[in-house]
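Enquirer: A predicted structure for the sequence below; I have some questions about it.
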Amino acid sequence: MAEETINTQTSDTITNHTEAPKIDLVGVKLLMVIKNDKGENEFLIMHRIPEKYPDATAHWDFPGGRVEPGQRFNKSLLREVKEETDLSVKFSKAFYESK
């Protein structure tokens, strides 16, 4: 079951899902908070380089990609992180913002 809170600064509804719903999206960007070995929070960003991404200039970015039709968001997140960074991560929970 989802738990909702209201962000009083922006009036946006933030929904915390422990089990990600099935959604139909074409593309997503992922902002991940990862617990390191010391239990500290870290953000996952990647350096995109023209050798691997020929249509882009070198820049820092979040992993991202497509949610395959019928695939759950959390499965897409794990797949995209593995494809783009070769890291194996565990899904814990997702936060969604809606207006």
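Expert: Yep, that arrived.

Enquirer: Any stretches of the protein with poor pLDDT?
Expert: Across the chain, the ranges flagged by pLDDT under 70 are 1-31, 53, 94-99.

Enquirer: hang on, residue 33 is in a strand, isn't it?
Expert: Yes. Under DSSP: H, G, I helix; E, B strand; the rest coil, residue 33 sits within a strand.

Enquirer: mind listing what it touches?
Expert: Residue 33 makes contacts with 41, 42, 43, 44, as judged by Cβ atoms under 8 Å, 6 or more residues apart in numbering. Where you see a C-beta, it was placed from the backbone N, CA and C, and this is true even at glycine.

Enquirer: let's go with 7 Å and repeat that
Expert: By Cβ atoms under 7 Å, 6 or more residues apart in numbering, residue 33 lies in contact with 41, 43.

Enquirer: any idea how far it lies from residue 42?
Expert: As judged by Cβ to Cβ, to the nearest Å, residue 33 and residue 42 stand 7 Å apart.

Enquirer: Quickly list what residue 59 is bridged to.
Expert: On the basis of DSSP bridges, residue 59 is bridged to residue 48.

Enquirer: That one is in contact with residue 48, isn't it?
Expert: Yes. Using Cβ atoms under 7 Å, residue 59 is in contact with residue 48, at 5.6 Å.

Enquirer: between these two, which one's more packed in?
Expert: residue 48 (17 against 11; other Cβ atoms under 10 Å).

Enquirer: if I pick that one, what's in contact with it?
Expert: Under the criterion of Cβ under 7 Å, 6+ apart, the contact list for residue 48 reads 56, 58, 59, 61.

Enquirer: Quick check: the second one touching residue 49?
Expert: Looking back up the chat, that one is residue 58. Yes. Shown here, residue 58 and residue 49 form a contact pair, counting by Cβ under 7 Å, at 5.2 Å.

Enquirer: Residue 74: which of the contacts of residue 48 is nearest?
Expert: Within the contacts of residue 48, distances to residue 74 taken as Cβ to Cβ reach their minimum at residue 61, with 20.6 Å.
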